[in-house]
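[1] starting from these lines, generate the structure:
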Amino acid sequence: MKKLLVFLLLFTATFAHSQQTEIDSLLQDAKNTKVDTTRILDLAYVTLDLRFSNPEKGFLYSNEGLKLANKIDYLKGQEYCKVAIAWCEWGMGNYTEAIELILPFMKEIDGSDDFILKSSCLGVLASAYRDQGFYSEALKYVLKGMRFKSNDIAHTKLITASAANLYMEIGNIDSAKRLLHEALRYPVAPGNDGYVYSMAGKIYSRIKQNDSALLYYHLGILEEQKDSNVKDLAGVYNGIATFFYTQAMRDSAIFYAREAKSISDPQKFVKETMDANLLLAEAFDKVNADSALYYYKKAMVAKDTLYSQGKQHQILNFQFKQELQQQQIENEQAQNKKQEKIYLLLVIVLIFIIVAFSLFRNIKHKQEANILLQEEKQKVERTLSELKSTQQQLIQAEKMASLGELTAGIAHEIQNPLNFVNNFSDVNKELLQELKEEADKGNIEDVKAIADDVIGNEEKINHHGKRADAIVKGMLQHSRQSSGQKEPIDINALADEYLRLSYHGLRAKDKNFNAEIKTDFDESIGKINIIPQDIGRVFLNLFNNAFYAVNEQKTLNPVSFNPTVSVKTEKCDDKIYINVKDNGNGIPQKIVDKIFQPFFTTKPTGEGTGLGLSLSYDIIRAQGGTLKVESTEGEGSEFIIIMPADLAVG
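    Residues are numbered from 1 along each chain as shown. You can find the predicted model right below:
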């Protein structure tokens, strides 16, 4: 049990702890046991439990264990206690000490068969380098640990989340998202999910998926509170505070940063305290300068505690200021009034120089800032230009996709009138032969009857030829660039034509697809002034979506479901309504408000650009109308085009 506990705590900066009763039991065992290996290892295990709640106390226990191990020359105990001490050094923010403690015997441990010890050492190094900002170095040790074969899902889940976090820090977003999704797919591991959730919140926040980020931050808080993990709970509080700060939700950011500070301060978790103070300083910067300065000073104190170079720099500055102040006091006491005047003049000159230097530095900083601003502006302009170009390409791709679907339907539609033309042509050929025979016999009445039949057939040939011509013209109108000129168009005929073309287009892709088509056209509408190419694209998009939806529902319910698409037009008061309704799978309520947004699509990757409804919405608005949707998930959707009645001709 004790080895398993250490195994689960290896490769992360956060993980679950044993219950307090287990810690007390281990301590009692260590007290009651003679100086032997069991007692030494008990002290090491207790230290590992305490590093996230009270590393100072754990530090004492592991040092006691190390002394006992040295006393009986117990090598494994020495190594385990050193690793435990290193974890405590890390927990207290002494990263250099933790690294210096582990690195000397890493080569020896690499050749060891002790998986727990090897993984623990790699975990210390990865955590220490990560918290100092050396993410690539930390990732090296995490990836080394991932190569270890382990059947423990909790361990694999945690180390995968650690790797995802480090990939995000070095800017490899694709690898970070892939590993995060992999970690989240593992089964729930009670006591270990807090870290995974907090990393998910951090990564989703970075990639601007705010709803997911907030959800996982809250899940992380609940898990860490349940596990009494003080250090990691403070880390999650800081994470969600940072999230709220980036969302300009200052009050929430201050609340969670204070929560982090309130629990990290008493246990001397210096890094979490520093992060909390910096967040509070930034949050108060615009609203309370005194508070901002207070927290900034606190953060600097914590920072100096963490990073020795900054601490030394601060000490040297302090010593220099103290010496300079003392020298000034001695000089003031030793000099007479005349010398005081000279020094006063020097002070004035010094102040002038400082002011001049400050002004010069400020001007220089402003110039540098202006240069950076100009560079950023140019980058934004280039990006905007690229986005516009990409948008135009996507719009053209959507139009070409629409044209492809239309062509499939047209191929079927145009075949019908051509078949009629061919059939009546063959019949006329036979009738004319018969007419010649009757003429030779002198049967004038039969000749006239046959001639009437030929004339009737010719009229039918002419009718179906014109129908084929109209279909071809419609295709050409759809494919060419819109002229932008409105024309009097029979809206019922236009809707019926594109309904049939859309249906046959889907049938051309899937021969097994069938659907019931219902139409209810209000003939009183007559012709209306619209741009036919544009409205045709809207109809084709809405019909394609409707047939796609009922086809998806048919796939789920192949026996009992009857796919139905209906189109209704109606003139009511000062409005013309065009309703396209299906009994497909419907649209979830949570995304109904998003479907008209550019690039938003509910179709699988590769089956939709997310521009069809967005373009349709813009086209209808440009014609002076509106496009709305009403949908019930699992029952179907209805798109409603509302056009002003004054578009009607006559």
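[2] where exactly do the strands run in this protein?
    Taking DSSP state E as the criterion, the chain contains strands spanning 487-490, 516-520, 527-530, 564-572, 575-582, 626-632, 636-644.
[3] buried stuff in the fifth one?
    Residues of strand 575-582 classed as buried: 576-582 (neighbour count, 16 or more other C-beta atoms under 10 Å). Quick note: C-beta positions are derived from backbone N, CA and C, even for glycine.
[4] which strands and helices sit next to it?
    In terms of contacts (3 or more C-beta pairs under 8 Å, 6 or more residues apart in numbering; DSSP states H and E), strand 575-582 is packed against helix 491-509, helix 532-556, strand 564-572, strand 636-644.
[5] also compute the angle for that strand relative to strand 564-572, please.
    Counting by axes from the mean of the first three to the mean of the last three C-alpha atoms, to 10 degrees, strand 575-582 points 170 degrees away from the direction of strand 564-572.
[6] strand 575-582 pairs with which strands, and in what direction?
    Looking at strand 575-582 with DSSP bridges, its partner strands are strand 564-572 (antiparallel), strand 636-644 (antiparallel).
[7] highest mean neighbour count out of these?
    strand 636-644 (a mean of 20; mean count of other C-beta atoms under 10 Å).
[8] show me the contact partners of it.
    Identification of contacts with strand 636-644 by C-beta atoms under 8 Å, 6 or more residues apart in numbering yields 528, 530, 538, 542, 545-546, 549, 574-587, 620, 623-631.
[9] just the buried subset of those residues, please.
    With neighbours counted by 16+ other C-beta under 10 Å, those contain buried members at 528, 530, 538, 542, 545-546, 549, 576-587, 620, 623, 625, 627, 629, 631.
[10] stretch 587-598: end-to-end distance?
    17 Å (C-alpha to C-alpha, to the nearest Å).
[11] quick check, central residue of the chain?
    The residue lying closest to the centre of the chain (C-alpha atoms, centre = their mean) is Gln209, at 3.9 Å.
[12] redo the helices and strands packed on strand 575-582 as TSV? Include distance to Lys231.
    Converted to TSV, the helices and strands packed on strand 575-582 look like this (distance: least, C-beta to C-beta, whole Å):
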stretch	distance to Lys231
helix 491-509	57
helix 532-556	48
strand 564-572	59
strand 636-644	50
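[13] any chance of TSV for those, columns distance to Leu432 and mean pLDDT?
    As requested, the helices and strands packed on strand 575-582 are exported to TSV (distance: least, C-beta to C-beta, whole Å; pLDDT from 0 to 100):
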stretch	distance to Leu432	mean pLDDT
helix 491-509	34	85
helix 532-556	40	87
strand 564-572	43	92
strand 636-644	50	92
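[14] Arg361: which of these is closest?
    Arg361 sits nearest to helix 532-556 of all these, at 59.6 Å, using C-beta to C-beta.
[15] list the buried residues of that closest one.
    So, applying 16+ other C-beta under 10 Å, buried residues of helix 532-556: 532-551, 553-554.
[16] do the same with stretch 255-271
    Buried, per 16+ other C-beta under 10 Å, within stretch 255-271: 256-261, 263-265, 267-271.
[17] what do you get for stretch 517-524?
    517, 521-522.
[18] and for stretch 50-58?
    In terms of neighbour count (16+ other C-beta under 10 Å), stretch 50-58 has its buried residues at 50-55, 58.
[19] helices - which of those land there?
    50, 55, 58 (DSSP state H).
[20] so how far is stretch 98-107 off the chain centroid?
    On the basis of C-alpha atoms, centre = their mean, to the nearest Å, stretch 98-107 is displaced by 38 Å from the centre of the chain it belongs to.
[21] with stretch 293-305 instead?
    On C-alpha atoms, centre = their mean, the centre of stretch 293-305 falls 33 Å from that of its chain.
[22] same question for stretch 341-353.
    Between the centre of stretch 341-353 and the centre of its chain there are 59 Å (C-alpha atoms, centre = their mean).
[23] can you list the weak-confidence ranges in the stretch 351-500 of the chain?
    Along the stretch 351-500 of the chain, the parts satisfying pLDDT under 70 run over 387-417, 420, 466-484.
[24] any idea where the helices of it begin and end?
    Under the criterion DSSP state H, counting those that start in this stretch, the stretch 351-500 of the chain contains helices at 444-479, 491-509.
[25] list the buried residues of the shortest one.
    Translated: helix 491-509. 491-492, 494-508.
[26] compute the inter-axis angle for it and strand 564-572.
    170 degrees.
[27] name the helices or strands packed onto helix 491-509?
    Secondary-structure packing of helix 491-509 (3+ C-beta pairs under 8 Å, 6+ apart): helix 337-441, strand 516-520, strand 527-530, helix 532-556, strand 564-572, strand 575-582.
[28] could you redo the last one with a cut-off of 10 Å?
    In terms of contacts (3 or more C-beta pairs under 10 Å, 6 or more residues apart in numbering; DSSP states H and E), helix 491-509 is packed against helix 337-441, helix 444-479, strand 516-520, strand 527-530, helix 532-556, strand 564-572, strand 575-582, strand 636-644.
[29] may I see the buried residues of stretch 231-239?
    Across stretch 231-239, burial judged by 16+ other C-beta under 10 Å covers 231-239.
[30] of the helices and strands packed on strand 575-582, which is nearest Lys379?
    Ranking these by proximity to Lys379 (C-beta to C-beta) places helix 532-556 first, at 35.1 Å.
[31] the nearest residue to Glu259 once chain neighbours are set aside: what's it in contact with?
    Leaving out its chain neighbours, the residue that sits closest to Glu259 by C-beta to C-beta, 6 or more residues apart in numbering is Tyr237, at 4.6 Å. By C-beta atoms under 10 Å, 6 or more residues apart in numbering, Tyr237 lies in contact with 198, 217, 220-221, 224, 255-264, 272, 275-276, 279.
[32] quick check: Tyr237 vs Phe255, distance?
    As defined by C-beta to C-beta, to the nearest Å, Tyr237 lies at a distance of 9 Å from Phe255.
[33] relative to Leu184, which of the buried residues of stretch 517-524 is nearest.
    Nearest to Leu184, judged by C-beta to C-beta, of these is Ile517 at 43.8 Å.
[34] so that closest one bridges to which residues?
    Val565.
[35] my read: it touches Tyr498, true?
    No: with contact defined as C-beta atoms under 10 Å, Ile517 does not reach Tyr498; the gap is 12.0 Å.
[36] what residues are shared contacts of those two?
    543, 567.
[37] if we can go back for a sec, surely the residue nearest to the centre of the chain and Lys202 touch.
    No: counting by C-beta under 10 Å, Gln209 stays clear of Lys202, with 11.5 Å between them.
[38] count of neighbours near Val347?
    Residues lying near Val347 (other C-beta atoms under 10 Å) number 11.
[39] tell me how far it lies from Glu340.
    10 Å.
[40] many thanks, I have nothing further to ask.
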